[in-house]
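Asker: my questions are about this predicted structure, shown below with the sequence.
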Amino acid sequence: MPWNRKDLISIEQLSAEEINTIFETADAFKKVLGRKTAKTPALRGKNVVNLFFENSTRTRVAFEMAAKRLSADVTSLDMKTSSTAKGETLRDTVENIRALQADIIIIRHSAPGSAGYIAKILDIPVLNAGDGAHEHPTQALLDCFTLREKWGSLKGRKVAILGDILYSRVARSNIWAMQKLGAEVTLVGPSTLVPKQFEKLGVKVSHELKPALADKDAVMLLRIQHERQNASAFPSLNEYKSMFGLNADRFSWLKKDAIIMHPGPINRGVEIDSDLADCSQSVILEQVTNGLAVRMAALYLCNGGSAEAAIA
């Protein structure tokens, strides 16, 4: 299916066909990454600007490396020392960067809707690298791309997402992506972090770990996001671990060949025991690696590229 979008703001906006177009393009770029010279001239002469108003390791570096693999020039601003610290508005910031001849903007911001807001202002592609607790589209794309590599298709598969759902943009984007691709999604965790209202999105909600994991093909662990919580949603990390942390005994409740996922950063010993994070059924580092090809695909398509040309 042709890609006709200038921006990548949310998974909710995408069709299953558009998601698969990104995957097919990412397949082509993953082959490029396996070459001796892992680079393509697809964005040569383009200026890509990273605006990260929140901390990031994997997403920021992956976007930088993806743009460089496409031969773009990349500028990453330290927003703590930018004019936003002097009170400049987000609109003025991005319009000034556009005036400096930026061709693509990647933004992470604490405000839900911020990426969509600037996409309406600017005439250049805007890619959402996470906006508050709203969405993190490229994370969900790389997660589903990784599962697709393992299974061939997500259709009919059962996935549990365990942990801090309420404050998680990763969970929201994965709920949309996995269901559009035909998977059944169950959310599990304490009731304060997994409210029943999520059932309106078509998923199952459980506050009991054993039945929630019983027939699942994969489990995705999510970090407790203290930075987005106004008050603690549970008494202590030790009590969270004792009730919902994934250990060897609880992992045995899943299917024998079940996959372990985590978008990072991991709190080892809290949401997952260290041995499980590093075991053969964990795809955590494969997720990170696939983030490079998926973000290359997103940058390329939003800049007007076609999946057919990338595959050829």
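Answerer: Yes, it's here.
Asker: measure how buried residue 300 is and give me the count.
Answerer: Using other Cβ atoms under 10 Å, residue 300 is surrounded by 27 other residues. (Glycine included, C-beta is placed from N, CA and C.)
Asker: host element of it?
Answerer: Secondary structure from DSSP states H and E places residue 300 in helix 284-302.
Asker: okay, buried residues for that helix please.
Answerer: Within helix 284-302, the residues that count as buried by 16 or more other Cβ atoms under 10 Å are 284, 286-288, 290-302.
Asker: part of a helix, is residue 220?
Answerer: No. Assigned with DSSP: H, G, I helix; E, B strand; the rest coil, residue 220 falls outside any helix and is strand.
Asker: which SS state does residue 238 fall under?
Answerer: From three-state DSSP, the assignment for residue 238 is helix.
Asker: ah, wrong one, I meant residue 133
Answerer: coil.
Asker: show me what contacts it?
Answerer: Listed by Cβ atoms under 8 Å, 6 or more residues apart in numbering, the contact partners of residue 133 are 112, 166-169, 172, 228.
Asker: drop anything exposed from those residues.
Answerer: 166-169, 172.
Asker: ok so, going back, secondary structure for the contacts of residue 133 - can I get that in CSV?
Answerer: CSV is the format used below for those (three-state DSSP):
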residue, secondary structure
112, coil
166, coil
167, coil
168, coil
169, helix
172, helix
228, helix
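Asker: Throw those into JSON lines and include distance to residue 214 and pLDDT, thanks.
Answerer: Output for those, formatted as JSON lines (distance: Cβ to Cβ, whole Å; pLDDT from 0 to 100):
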{"residue": "112", "distance to residue 214": "34", "pLDDT": "97"}
{"residue": "166", "distance to residue 214": "24", "pLDDT": "93"}
{"residue": "167", "distance to residue 214": "26", "pLDDT": "90"}
{"residue": "168", "distance to residue 214": "23", "pLDDT": "94"}
{"residue": "169", "distance to residue 214": "28", "pLDDT": "96"}
{"residue": "172", "distance to residue 214": "25", "pLDDT": "97"}
{"residue": "228", "distance to residue 214": "30", "pLDDT": "52"}
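Asker: would you mind measuring from the spatially most distant residue from the centre of the chain to residue 64?
Answerer: Most distant residue from the mean C-alpha position of the chain: residue 86, 30.5 Å away (Cα atoms, centre = their mean). To residue 64, residue 86 is 26 Å away according to Cβ to Cβ, to the nearest Å.
Asker: swap in residue 142?
Answerer: Distance of residue 142 to residue 64, given as Cβ to Cβ: 15 Å.
Asker: higher neighbour count, the two?
Answerer: Neighbour tally, residue 142 and residue 64, criterion other Cβ under 10 Å: the higher count belongs to residue 142, 29 against 18.
Asker: wait, what's in contact with residue 208?
Answerer: Listed by Cβ under 8 Å, 6+ apart, the contact set of residue 208 reads residue 188.
Asker: in which helix or strand would I find residue 31?
Answerer: In the assignment (DSSP H and E), residue 31 maps to helix 16-33.
Asker: chain center to that helix, what's the gap?
Answerer: Computed by Cα atoms, centre = their mean, to the nearest Å, the chain-centroid distance of helix 16-33 equals 15 Å.
Asker: again with stretch 186-193
Answerer: 20 Å.
Asker: equivalent analysis for stretch 150-162, please.
Answerer: How far stretch 150-162 lies from its chain's middle: 16 Å, per Cα atoms, centre = their mean.
Asker: neighbours of the spatially closest residue to residue 85 that is not a sequence neighbour, how many?
Answerer: Excluding its sequence neighbours, the residue lying closest to residue 85 (Cβ to Cβ, 6 or more residues apart in numbering) is residue 79, at 7.9 Å. Other residues lying near residue 79 total 18 when counted by other Cβ under 10 Å.
Asker: surely residue 79 touches residue 50?
Answerer: No. Under the criterion of Cβ atoms under 8 Å, residue 79 makes no contact with residue 50, lying 9.7 Å away.
Asker: for the stretch 101-250 of the chain, give me the ranges with low pLDDT.
Answerer: Within the stretch 101-250 of the chain, the segments meeting pLDDT under 70 span 225-235.
Asker: strands along that one, start to end?
Answerer: Per DSSP state E, counting those that start in this stretch, the stretch 101-250 of the chain carries strands over the ranges 104-109, 126-131, 158-162, 184-188, 204-206, 218-221.
Asker: how about the ones you listed in CSV, adding mean neighbour count and distance to residue 91?
Answerer: Output for those, formatted as CSV (neighbours: other Cβ atoms under 10 Å; distance: least, Cβ to Cβ, whole Å):
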stretch, mean neighbour count, distance to residue 91
strand 104-109, 25, 12
strand 126-131, 25, 13
strand 158-162, 26, 34
strand 184-188, 23, 35
strand 204-206, 17, 38
strand 218-221, 26, 35
